[in-house]
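Engineer: here is a sequence with its predicted model. Questions after.
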Amino acid sequence: MRLLTHNMLSSNIKGVVNGFPLRIEVEKVVEKQVDFNPDFLKNMFSKIEWKPLVDASRTMGYAELPEEAESSMLDSHDFLQRFHHALLELHLEEGALICPETGRRFPVNKVDPTLSYRRKLGLKFPPIKSRRPHFEDHNSSYHLAPSGCFAISLIFLPSKN
């Protein structure tokens with residue numbers, strides 16, 4: 001799971017007031033090369049919650065991002081390279097995301113957080129309901145709603161087996 005994905009997820013377990021940011025529990029991190037695209041980074045900068053990105057990247061062993069960032073820094077190629085590496089090239093391959101309020105663990109196993117449940121759970125595509133992706137816990141169902149720029153959300157429901 002990329003830190004771009006992590007930065008867009010929040011826990012939406014019933015009763016949780018602020019489920020963002022999800023804490024990362026690292027078991028395995030890998031770096032995967034991604035083509036450098038400064039225009040993409042400049043566009044994404046305003047959509048990223050900076051402090052959670054910095055904290056998450058440090059948890060994953062990358063301490064090259066500044067504590068604070070301003071849009072004027074987007075003119076620096078060096079800054080864009082570091083931002084690119086943290087946002088797109090660091091991958092949490094194994095570990096968990098932890099709800100900041102409840103402590104609920106969402107396992108991450110070489111794919112996006114709830115996709116590890118794919119074999120056990122059914123899959124539906126309801127209409128998108130929120131700007132920020134989130135997990136919902138309603139009778140053992142898991143909900144991952146992508147950000148407003150996407151057109152679908154995923155719900156993982158228990159299988160009938």
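Structural biologist: Thanks, I have the structure now. Since the model is a prediction, treat every value here as computed from it, not as a measurement. Numbers count the residues shown, from 1 in each chain.
Engineer: what residues are up against His6?
Structural biologist: Counting by Cβ atoms under 8 Å, 6 or more residues apart in numbering, His6 touches 21-22, 24, 52, 56, 92, 97. No exception for glycine: its C-beta is placed from N, CA and C like everyone else's.
Engineer: just the buried members of those residues?
Structural biologist: 21-22, 24, 52, 56, 92, 97 (16 or more other Cβ atoms under 10 Å).
Engineer: in helices only, show me those residues.
Structural biologist: Secondary structure defined by DSSP state H assigns 52, 56 of these to helices.
Engineer: identify, from the contacts of His6, the entry nearest to His85.
Structural biologist: The shortest approach to His85 among the contacts of His6 belongs to Ala56, at 12.9 Å (Cβ to Cβ).
Engineer: got the residue ranges for the strands in the protein?
Structural biologist: Listed in chain order, the strands of the chain (DSSP state E) span residues 10-11, 23-31, 90-98, 105-109, 121-124, 134-135, 137-138, 141-144, 154-158.
Engineer: can you list the buried ones among the contacts of His6 in CSV and add pLDDT?
Structural biologist: Formatted as CSV, the buried ones among the contacts of His6 follow (pLDDT from 0 to 100):
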residue, pLDDT
Pro21, 94
Leu22, 94
Ile24, 97
Pro52, 97
Ala56, 98
Leu92, 95
Leu97, 92
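Engineer: which of the buried ones among the contacts of His6 sits closest to Gln81?
Structural biologist: Closest approach to Gln81 among these (Cβ to Cβ): Ala56, at 18.1 Å.
Engineer: distance of the closest one relative to Asp35?
Structural biologist: According to Cβ to Cβ, to the nearest Å, Ala56 stands 22 Å off from Asp35.
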